[in-house]
Every structure is written in structure tokens, then in C-alpha cells.
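Q: Sharing a model that was predicted from the sequence below.
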Amino acid sequence: MAARRPTARIEDGQSGRLLSPVNDRRISALIVDQVRSLIHEGKLTPGDRLPPEREMCERFGVSRVTVREALRVLEAGGLVEIRVGAHGGAFVTTPTSDRVGASITDLLTLSSVSAADVTQVRLVLEVGIMPLLCANADDEDIAALQAICDRQEEAVAGGNYDVSLSAEFHTRLAASTHNTAFEMLIHSFHGPLLMSLATAQQTAPEMGKRGLEEHRAIIAAIQADDVETGQRIMREHLSRTADRLCLDEPKAAGRRKKQ
């Protein structure tokens, strides 16, 4: 894992001096933005405790209700953890990839981003990581990928194949790069990945068998350190999914052409 950039840790009670008053109709949102900015800048780090509610009310010049609303938003976003008890309070935490993935899924669901768009992003990412896979995947990674394929094969034979198995394969594939950034990125994309695969399966219910064959071929290319073949198979693998999604989303495709 890459070394974390050094940050100066602050003592309990010191974080209050970093906050400044706000004045707006959407005050709680401004409080959230201010705390988020301090976290991004490294002035607040995981484990730091935010000031008590009373002090935050005084610092921001707002009511306790407003502060609590801001803390709820920060907690829902995975930026702070609310602890109860004598040593409780709001503590800065690190958002998990699951939390980030849920946010991305919500964004895709509520916006005009389509499953086809998701697959286009996957083409860039998953074809691009093939050199890292060939260079870094070890015996444990290969065994884990083969085990997933074995379960896929059983599911296909039993007629109960689920796209979650394919999503699991691609997520584990990213972990096999041993690059934390790629692993977190693909893992956080798990929800959208399931969405796009489920949409593609509606168009082509038989996709499990061919997908499994390509998964096995990708593993073989990695074992052979054959980057070019691995990229070709991955590109074909994902392009076929993209083609199915275009068939399922003709209106969206038409809108893109007119723009």
C-alpha cells in the first residue's frame, strides 16, 4: 500500500479553532462542506474528534438542530462516526469502498448515466490493468480466480447462474494487481458493475457460459504473462456486454448521437 502523506495530528478540542461561522439558508450544507474540505486538506484526519455540539453551535453561530443535521449528513457519507458514552462524540473516519460504491450506485440510479456508460468505463479500466496483472498476480491470486470460475461453472451447469459471480471475478481480478488504488476503485464500482451486468443478462440470458470461458482464458493469459492476449480477450469480453446494453438502451443511444 502506498505510504500515507504525513499530516499533523491535532489534539482533542483543537479542531474547533479550524471552524469558522457560516451564514446561509442552507447552513447545514455549508457546515458539511467546511468539514469535508478540512478532511481533504489533511487538517482533520481519521481519529480526530470534532468539537462538542455546543462548541460547534458557538463556532458556526447556528442552532443545535442545524449542527446535528450536518453531523447526520457527514455520518451518512462515511466521513464521521458518531460514538455515544462518556468518551463519545463525532470522530473523523475513512470512507470504505463499500460506502463509496453505494454513493456511486445512487448517483447512477438518479442521473442519466446508463449501464452502457458504466461498461465503457470498465473497458478503459479493466483492459488497462492487464499489464499490472501479468506482472503482479501471484499463485494465491490465480487460485482465487480459478475458484470463482469453478463456482461459475457449477452455477451454469445447474441453470442458476447469477451475475454476482461475474462481478466477484472482476473485483478479485482488480485485487490481483496488488495496486491499492485500482482495487479500491473497482471495488467501489461493485454496485454499478452489478447493475450493468444484470441489464446485459436481460438481453442475453445465456451470457454466463461464454463469459466463464473468457474468464478462464483471461487467467491463462495472465499465467503466461501475455499482456496482448489478455487485453484482447478482456476487450472482446466487455465489448460484447456493451453491445448488449446498446440493444437494451436504443433511446439513450439516440440521444447521445443527437448531442
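A: Great, that's in hand. Residues are numbered from 1 along each chain as shown.
Q: only C-alpha atoms for contact and neighbour calcs from this point on.
A: OK.
Q: low-confidence ranges in this structure?
A: Scanning the chain for pLDDT under 70 picks out the ranges 1-16, 20-25, 95-115, 188, 190-192, 195-196, 199-207, 242-259.
Q: Surely residue 238 and residue 117 touch.
A: No - counting by CA atoms under 8 Å, residue 117 is not a contact partner of residue 238; they are 11.9 Å apart.
Q: which of these two has more neighbours?
A: Neighbour count, other CA atoms under 10 Å: between residue 238 and residue 117, residue 238 has more, with 19 against 16.
Q: In contact with that one, which residues are there?
A: Contacts here follow CA atoms under 8 Å, 6 or more residues apart in numbering; on that basis residue 238 touches 119, 122, 123.
Q: helix or strand for it, which one?
A: Element membership of residue 238, judged by DSSP states H and E, is helix 227-248.
Q: what do you get for residue 28?
A: Residue 28 belongs to helix 27-40, assigned by DSSP H and E.
Q: swap in residue 90?
A: Using DSSP H and E, residue 90 falls in strand 89-92.
Q: Format the CA atom coordinates belonging to that strand as CSV.
A: Extracted in CSV, the C-alpha atoms of strand 89-92 (Å, rounded to 0.1, in the frame of the first residue of the first chain):
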residue,chain,number,x,y,z
GLY,A,89,-18.7,12.4,20.0
ALA,A,90,-18.2,12.8,16.3
PHE,A,91,-14.9,11.3,15.1
VAL,A,92,-13.4,11.6,11.6
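Q: Output the contacting helices and strands for that strand.
A: strand 80-83 (3 or more CA pairs under 8 Å, 6 or more residues apart in numbering; DSSP states H and E).
Q: The strand it packs on: how far from the chain's middle?
A: 21 Å (CA atoms, centre = their mean, to the nearest Å).
Q: can you pull the buried residues of that strand?
A: Using 16 or more other CA atoms under 10 Å as the test for burial, strand 80-83 gives 80, 81.
Q: So that it lines up with my notes, have the first residue be 692 from now on.
A: Sure, I'll start numbering at 692, so the last one becomes strand 771-774.
Q: what residues does that strand touch?
A: Residues outside strand 771-774 that contact it (CA under 8 Å, 6+ apart) are 762, 765, 766, 779, 780, 781, 782, 783, 784, 785.
Q: Look up phi and psi at the first one.
A: Dihedral angles of residue 762 (phi, psi; degrees, to the nearest 10) stand at phi -70, psi -40.
Q: what ranges do the helices span in the stretch 842-950 of the chain?
A: According to DSSP state H, counting those that start in this stretch, the stretch 842-950 of the chain carries its helices in the segments 854-866, 871-879, 881-894, 898-914, 918-939, 941-949.
Q: Thanks a lot, catch you later.
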